[in-house]
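# Give me a model of this one.
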Amino acid sequence: MILLTKRNHDKFLVNHLQIEHIECIPESKITMMNHDYYLVRESVEEIISKIAEYNAKVQDIHREIVVSDKR
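A predicted model of the protein is given here:
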């Protein structure tokens, strides 16, 4: 999940896997797979960066949790 900011400065979390597309109008419009949308203050580049950072964290955690059976 990534943390974003609504136009009224409220913070909220979005499941980035449910994003269908992002439009670049004066603000960024995120349309979800269920066709709900959010207008956010972050730029498209910032949103992409947040998604990339989140994915990198998840992949690092996955690499750390390795079970080795040494029987």
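# list the contacts for residue 25?
The contact partners of residue 25, taken as Cβ atoms under 8 Å, 6 or more residues apart in numbering, number zero. Placement of C-beta: from N, CA and C, glycine included.
# mind checking how far it is from residue 36?
Using Cβ to Cβ, to the nearest Å, residue 25 is found at 17 Å from residue 36.
# Over to residue 68?
44 Å.
# how close does the spatially closest residue to residue 16 that is not a sequence neighbour get to residue 42?
The shortest distance from residue 16 to any non-neighbouring residue, by Cβ to Cβ, 6 or more residues apart in numbering, is to residue 51 (4.7 Å). Distance, residue 51 to residue 42, using Cβ to Cβ: 11 Å.
# likewise residue 49?
Distance, residue 49 to residue 42, by Cβ to Cβ: 9 Å.
# ok, the two, which is more surrounded?
residue 42 (18 against 13; other Cβ atoms under 10 Å).
# Show the contacting residues for the more buried one.
Under the criterion of Cβ under 8 Å, 6+ apart, the neighbours of residue 42 are 4, 5, 28, 50.
# again with residue 13
Here residue 13 is in contact with 1, 2, 3, 4 (criterion: Cβ under 8 Å, 6+ apart).
# Poorly predicted segments of the protein, please.
Within the chain, the stretches with pLDDT under 70 are 61-67, 71.
# can you pull out the helices in it?
All helices of the chain, identified by DSSP state H, fall at 44-64.
# Do a quick rundown of the strands in it.
When secondary structure is read from DSSP state E, the chain shows strands at 2-5, 11-14, 19-24, 28-32, 37-40.
# Save those as JSON lines, and put in distance to residue 58 too.
Putting the strands of the chain into JSON lines (distance: least, Cβ to Cβ, whole Å) gives the following:
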{"stretch": "strand 2-5", "distance to residue 58": "12"}
{"stretch": "strand 11-14", "distance to residue 58": "15"}
{"stretch": "strand 19-24", "distance to residue 58": "16"}
{"stretch": "strand 28-32", "distance to residue 58": "20"}
{"stretch": "strand 37-40", "distance to residue 58": "22"}
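# hmm, who's touching stretch 16-23?
Under the contact criterion Cβ under 8 Å, 6+ apart, stretch 16-23 has outside partners 1-2, 28-35, 44, 47, 50-51, 54.
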